[in-house]
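Enquirer: I'll drop the sequence and a predicted model, then ask my questions.
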Amino acid sequence: MKRGVGKIKKPPATRGGKIGLSPEGENTPVDYGRKTPVFCLHYVVPDYCITLCDAADKLAFVKRIRQFSGMTWNEIVQADRHGLGREQIPQKAIRKQIPSHITKDVSLIALRFSGLKPMVGYQRNDVFHVIWFDRDFDLYDHGA
(Lines give C-alpha, C1' and ligand atoms only; values in the text may rest on other atoms or scores of the structure.)
Protein backbone atom coordinates (compact mmCIF):
# COMPACT_ATOMS: atom_id res chain seq x y z
CA MET A 1 0.00 0.00 0.00
CA LYS A 2 1.32 3.43 -0.90
CA ARG A 3 2.19 5.79 1.88
CA GLY A 4 -0.65 8.19 2.68
CA VAL A 5 -3.24 5.91 1.09
CA GLY A 6 -5.31 3.62 3.22
CA LYS A 7 -8.22 3.50 5.57
CA ILE A 8 -9.62 6.65 7.03
CA LYS A 9 -9.34 6.55 10.77
CA LYS A 10 -12.54 6.80 12.73
CA PRO A 11 -12.64 10.05 14.70
CA PRO A 12 -12.39 9.69 18.45
CA ALA A 13 -15.66 9.48 20.32
CA THR A 14 -16.62 12.70 22.03
CA ARG A 15 -19.05 13.32 24.80
CA GLY A 16 -21.57 15.66 23.23
CA GLY A 17 -24.85 17.05 24.43
CA LYS A 18 -28.12 15.34 23.67
CA ILE A 19 -30.23 16.64 20.82
CA GLY A 20 -32.78 19.11 22.06
CA LEU A 21 -30.91 19.89 25.25
CA SER A 22 -28.82 22.92 25.94
CA PRO A 23 -25.07 22.75 26.55
CA GLU A 24 -25.62 24.24 30.02
CA GLY A 25 -27.00 20.99 31.38
CA GLU A 26 -28.62 17.79 30.33
CA ASN A 27 -31.91 18.67 32.01
CA THR A 28 -32.16 22.23 30.68
CA PRO A 29 -34.40 22.39 27.58
CA VAL A 30 -33.36 24.51 24.62
CA ASP A 31 -35.29 27.76 24.17
CA TYR A 32 -35.76 27.71 20.39
CA GLY A 33 -37.36 31.14 20.53
CA ARG A 34 -33.91 32.53 21.24
CA LYS A 35 -32.40 30.73 18.23
CA THR A 36 -32.12 32.08 14.71
CA PRO A 37 -34.14 30.24 12.06
CA VAL A 38 -32.71 27.52 9.87
CA PHE A 39 -34.48 26.99 6.55
CA CYS A 40 -35.21 23.59 5.02
CA LEU A 41 -36.41 23.25 1.42
CA HIS A 42 -36.52 19.47 1.38
CA TYR A 43 -40.34 19.22 1.43
CA VAL A 44 -41.21 21.99 -1.06
CA VAL A 45 -44.13 20.97 -3.28
CA PRO A 46 -42.92 20.98 -6.92
CA ASP A 47 -45.76 23.21 -8.20
CA TYR A 48 -44.86 25.80 -5.54
CA CYS A 49 -41.08 25.65 -5.76
CA ILE A 50 -38.77 28.67 -5.61
CA THR A 51 -37.39 27.55 -8.98
CA LEU A 52 -40.71 28.59 -10.57
CA CYS A 53 -40.41 32.14 -9.23
CA ASP A 54 -39.05 34.96 -11.36
CA ALA A 55 -35.53 36.30 -10.87
CA ALA A 56 -36.70 39.20 -8.69
CA ASP A 57 -38.51 36.85 -6.28
CA LYS A 58 -35.52 34.51 -6.11
CA LEU A 59 -33.24 37.41 -5.21
CA ALA A 60 -35.77 38.70 -2.68
CA PHE A 61 -35.85 35.24 -1.09
CA VAL A 62 -32.08 35.22 -0.66
CA LYS A 63 -32.15 38.71 0.84
CA ARG A 64 -35.01 37.77 3.16
CA ILE A 65 -33.19 34.66 4.39
CA ARG A 66 -30.24 36.91 5.18
CA GLN A 67 -32.52 39.26 7.15
CA PHE A 68 -34.06 36.38 9.08
CA SER A 69 -30.59 35.07 9.94
CA GLY A 70 -30.08 38.17 12.08
CA MET A 71 -33.29 37.61 14.05
CA THR A 72 -34.43 35.13 16.66
CA TRP A 73 -37.71 33.25 16.40
CA ASN A 74 -39.02 35.42 19.27
CA GLU A 75 -38.28 38.55 17.23
CA ILE A 76 -39.99 37.06 14.19
CA VAL A 77 -43.09 36.23 16.25
CA GLN A 78 -43.23 39.83 17.53
CA ALA A 79 -42.73 41.45 14.10
CA ASP A 80 -45.55 42.53 11.76
CA ARG A 81 -47.09 39.54 9.97
CA HIS A 82 -46.84 41.33 6.62
CA GLY A 83 -43.23 42.30 7.18
CA LEU A 84 -40.57 40.21 8.89
CA GLY A 85 -43.12 38.48 11.12
CA ARG A 86 -45.07 35.30 10.76
CA GLU A 87 -48.72 34.52 10.29
CA GLN A 88 -50.62 31.43 11.43
CA ILE A 89 -52.42 29.70 8.53
CA PRO A 90 -55.10 27.15 9.49
CA GLN A 91 -54.71 23.87 7.62
CA LYS A 92 -58.35 24.07 6.54
CA ALA A 93 -57.53 27.35 4.72
CA ILE A 94 -55.06 25.61 2.38
CA ARG A 95 -56.64 25.11 -1.05
CA LYS A 96 -54.12 22.51 -2.25
CA GLN A 97 -53.36 19.01 -1.04
CA ILE A 98 -51.34 19.00 2.16
CA PRO A 99 -48.40 16.57 2.02
CA SER A 100 -49.02 13.37 3.96
CA HIS A 101 -46.11 13.93 6.36
CA ILE A 102 -47.94 16.96 7.80
CA THR A 103 -50.31 15.67 10.44
CA LYS A 104 -53.45 17.47 11.67
CA ASP A 105 -51.63 18.77 14.78
CA VAL A 106 -48.97 20.64 12.77
CA SER A 107 -49.37 24.43 12.82
CA LEU A 108 -48.72 26.06 9.47
CA ILE A 109 -47.16 29.50 9.32
CA ALA A 110 -46.36 31.99 6.59
CA LEU A 111 -43.21 34.08 6.35
CA ARG A 112 -42.92 36.70 3.59
CA PHE A 113 -40.17 35.96 1.07
CA SER A 114 -40.80 38.68 -1.53
CA GLY A 115 -42.97 41.68 -0.71
CA LEU A 116 -46.21 40.19 0.60
CA LYS A 117 -45.63 36.82 -1.13
CA PRO A 118 -45.59 34.11 1.54
CA MET A 119 -43.62 30.94 1.93
CA VAL A 120 -45.79 28.59 3.94
CA GLY A 121 -44.57 25.72 6.05
CA TYR A 122 -44.03 24.73 9.64
CA GLN A 123 -41.52 25.27 12.40
CA ARG A 124 -39.85 22.38 14.23
CA ASN A 125 -37.43 23.54 16.89
CA ASP A 126 -35.38 26.23 15.12
CA VAL A 127 -36.00 24.87 11.59
CA PHE A 128 -38.60 26.32 9.24
CA HIS A 129 -39.65 23.64 6.74
CA VAL A 130 -40.92 25.43 3.63
CA ILE A 131 -43.71 23.58 1.82
CA TRP A 132 -45.06 26.20 -0.58
CA PHE A 133 -43.79 29.44 -2.15
CA ASP A 134 -47.15 31.12 -2.81
CA ARG A 135 -45.95 33.41 -5.62
CA ASP A 136 -49.43 33.75 -7.20
CA PHE A 137 -51.39 34.12 -3.93
CA ASP A 138 -53.56 31.08 -4.73
CA LEU A 139 -52.59 28.71 -1.91
CA TYR A 140 -55.03 30.14 0.66
CA ASP A 141 -57.41 33.12 1.06
CA HIS A 142 -55.23 36.20 1.55
CA GLY A 143 -58.21 38.49 2.15
CA ALA A 144 -58.06 38.25 5.94
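Expert: The structure has been received and is ready for your questions. Fair warning: this is a prediction, and the values are worked out from it, not measured in the lab.
Enquirer: and the longest helix along the chain, which residues are buried?
Expert: When the chain is parsed with DSSP state H, its longest helix is helix 55-68. Of the residues in helix 55-68, those with enough neighbours to count as buried (16 or more other CB atoms under 10 Å) are 57, 58, 60, 61, 64, 68. Where C-beta positions appear, they are placed from N, C-alpha and C, glycine not excepted.
Enquirer: what segments of this structure are strands?
Expert: 38-40, 86-89, 108-114, 117-124, 127-133 (DSSP state E).
Enquirer: and the fourth one, how far from the chain's centre?
Expert: Which is strand 117-124. On the basis of CA atoms, centre = their mean, to the nearest Å, strand 117-124 sits 6 Å off its chain's mean C-alpha point.
Enquirer: tell me which residues are up against it.
Expert: 37, 43, 57, 60-61, 73, 87, 89, 94, 102, 106-113, 128-135, 137, 139-140 (CB atoms under 8 Å, 6 or more residues apart in numbering).
Enquirer: distance of the most centrally placed residue in the chain from residue 110?
Expert: Of all residues in the chain, the one closest to the mean position by CA atoms, centre = their mean is residue 128, 1.7 Å from it. In this view, residue 128 and residue 110 are 10 Å apart by CB to CB, to the nearest Å.
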